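>>> Turn this into a model:
(one chain, ligands or ions: 2)
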Amino acid sequence: MTEGNFVDYVKIYVSSGKGGKGSTHLHREKFIEKGGPDGGDGGRGGHVYLVGNKGLWTLFHLKFARHIKAGNGGDGSGDRSTGADGDDKYIEVPLGTVVKDKETGEILFEITEEGEKQILSRGGKGGLGNWHFRSSTNQTPRYSQPGLPGAEMDVILELKVLADVGLVGFPNAGKSTLLSVLTSAKPKIADYPFTTLKPNLGIVAYRDFQSFVIADIPGIIEGAAEGKGLGHYFLRHIERNSTLLFLVPVDTPDIKGEYDILVNELTKYNPEMLDKERMVVISKCDMLDDELKAELKAELDVSFKGVPYMFISSIAQQGLTELKDKLWKMLNE
Ligand SMILES: Nc1nc2c(ncn2[C@@H]2O[C@H](COP(=O)(O)OP(=O)(O)OP(=O)(O)O)[C@@H](O)[C@H]2O)c(=O)[nH]1
Ligand SMILES: [Mg+2]
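Ligands and ions are numbered 1, 2, ... in the order given. The predicted model follows:
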């Protein structure tokens, strides 16, 4: 996935197809002067559906799909032939997509399961052909129904669950690097702060074809809640993650202090952030030899009492399997 693939909100305009016209037709055949009415019905207009797809994680694919239109029903014709139904449109969305009416803000429905299919906009009914209107008093009705119009509406699609794990850390902590080694995402990585300007998602393939999603967001600094750095604007992207992973580089002079600042900024943004499962990852541990690591560990065991933490190195590929195992456990507890 590329920079800024993190789309959790789109507005789209959908319209269903209109129903085809019923036909006004009288049967004609050689030697039969006045045949009866045989006008067929119009086909129904195409519906617009939403369909759940568990392989999708964002609404990115709909970002530029402004108008989605189903086909119109075909008109009926003689010999009682019914017009073809209009082509239906299927909009695939990730599980956890909530659909709202743009005008009223009312929640229309939610897609939660793989393959779940719900009609967003119903196609107009086809009109009845004149064949239906024959009666004892009128054997040759010369009228039929027009098709009903389709419906059009503006809707908002919003993703409730974006990713399972959100990465939180100061700029340069190694968040994007971690995303790039755990997933096939290719975020921009560089040795300067605020390399990441837009959130990225990556899918971690786990044992036995399981997977979970990690979100990498721009770095947070002290005062983000007051708008410092890039502010806390991007925190909304991890607001709904169930687990937060705090990244602090091993060469940080006060590791626990940096962690406290991050927690504090998150709390200022939304106190509920603290209800999430969290774990601290000390990154860039390739810069440390075993002896120093043991010393640091003794220190951190005291300062981090109760908060789970672990050492990793994305570059040297240390602790990554263990990290995945722990995250998986946290997500499935
Ligand atoms: N030695 C070492 N360096 C690392 C490791 N992981 C990341 N780095 C380096 O740290 C720097 C910052 O890495 P990024 O992944 O861009 O950091 P980030 O947290 O995404 O930074 P922002 O996007 O600016 O918030 C880069 O120069 C990386 O090469 C690691 O495991 N070991
Ligand atoms: Mg980054």
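>>> who in the protein is up against ligand 2?
Lys175, Ser176, Thr195, Thr196 (C-beta under 5 Å from the ion). C-beta coordinates here come from the backbone N, C-alpha and C atoms, glycine included.
>>> Look at the first one and say how many residues are nearby.
Residue neighbour count, defined by other C-beta atoms under 10 Å, stands at 30 for Lys175.
>>> can you pull the contacts of it?
Leu167, Val168, Gly169, Thr196, Asp216, Ile217, Gly219, Leu247 (C-beta atoms under 8 Å, 6 or more residues apart in numbering).
>>> 7 Å instead?
With contact set as C-beta atoms under 7 Å, 6 or more residues apart in numbering, Lys175 has these partners: Leu167, Gly169, Asp216, Leu247.
>>> what number of residues lie near the third one?
I take that to be Asp216. Asp216 is flanked by 31 other residues according to other C-beta under 10 Å.
>>> And for Val181?
Applying other C-beta under 10 Å, we find 15 residues neighbouring Val181.
>>> what's the answer for Leu230, then?
One way to gauge burial is a neighbour count; for Leu230, by other C-beta under 10 Å, it gives 19.
>>> Now do the same for Val213: helix, strand or coil?
Look at Val213: counting by DSSP: H, G, I helix; E, B strand; the rest coil, its state is strand.
>>> if we can go back for a sec, between the residues of the chain next to ligand 2, which has the most around it?
Comparing the residues of the chain next to ligand 2 by number of neighbours (other C-beta under 10 Å), Lys175 comes first, having 30 neighbours.
>>> residues in contact with the residue nearest to Gly78 when sequence neighbours are not counted?
Setting aside the residues directly before and after it, Gly78 is nearest to His25 in space (C-beta to C-beta, 6 or more residues apart in numbering), at 3.9 Å. By C-beta under 7 Å, 6+ apart, the contact list for His25 reads Pro37, Asp38, Gly39, Ser77, Gly78, Asn130.
>>> All the strands of the stretch 51-200 of the chain, in order from the start?
Using DSSP state E, counting those that start in this stretch, the strands of the stretch 51-200 of the chain run over 67-69, 89-93, 97-101, 107-111, 117-121, 152-159, 165-169, 200-206.
>>> give the contact list for the residue positioned nearest the centre of the chain.
By C-alpha atoms, centre = their mean, the chain has its centre lying nearest to Thr58, at 3.1 Å. For Thr58, the contacting residues are Asn5, Phe6, Val7, Asp8, Pro94, Leu159, Leu201, taking C-beta under 7 Å, 6+ apart as the criterion.
>>> Repeat that for Ile107.
Val98, Lys100.
>>> for the stretch 101-250 of the chain, what are the low-confidence residue spans?
In the predicted model, the stretch 101-250 of the chain carries pLDDT under 70 at residues 161-162, 240.
>>> Leaving out sequence neighbours, find the closest residue to Ser77.
Residue nearest to Ser77 in three dimensions, not counting chain neighbours: Ser23, with 5.0 Å by C-beta to C-beta, 6+ apart.
>>> can you tell me the helix or strand for that neighbour?
Of the helices and strands defined by DSSP states H and E, none includes Ser23.
>>> Quick check: it touching Gly74?
No. Counting by C-beta atoms under 7 Å, Ser23 stays clear of Gly74, with 10.4 Å between them.
>>> returning to what we had before: pull out the buried members of the contacts of His25.
Neighbour counting over the contacts of His25 (16 or more other C-beta atoms under 10 Å) leaves Pro37, Asp38, Gly39, Ser77, Gly78, Asn130 as the buried ones.
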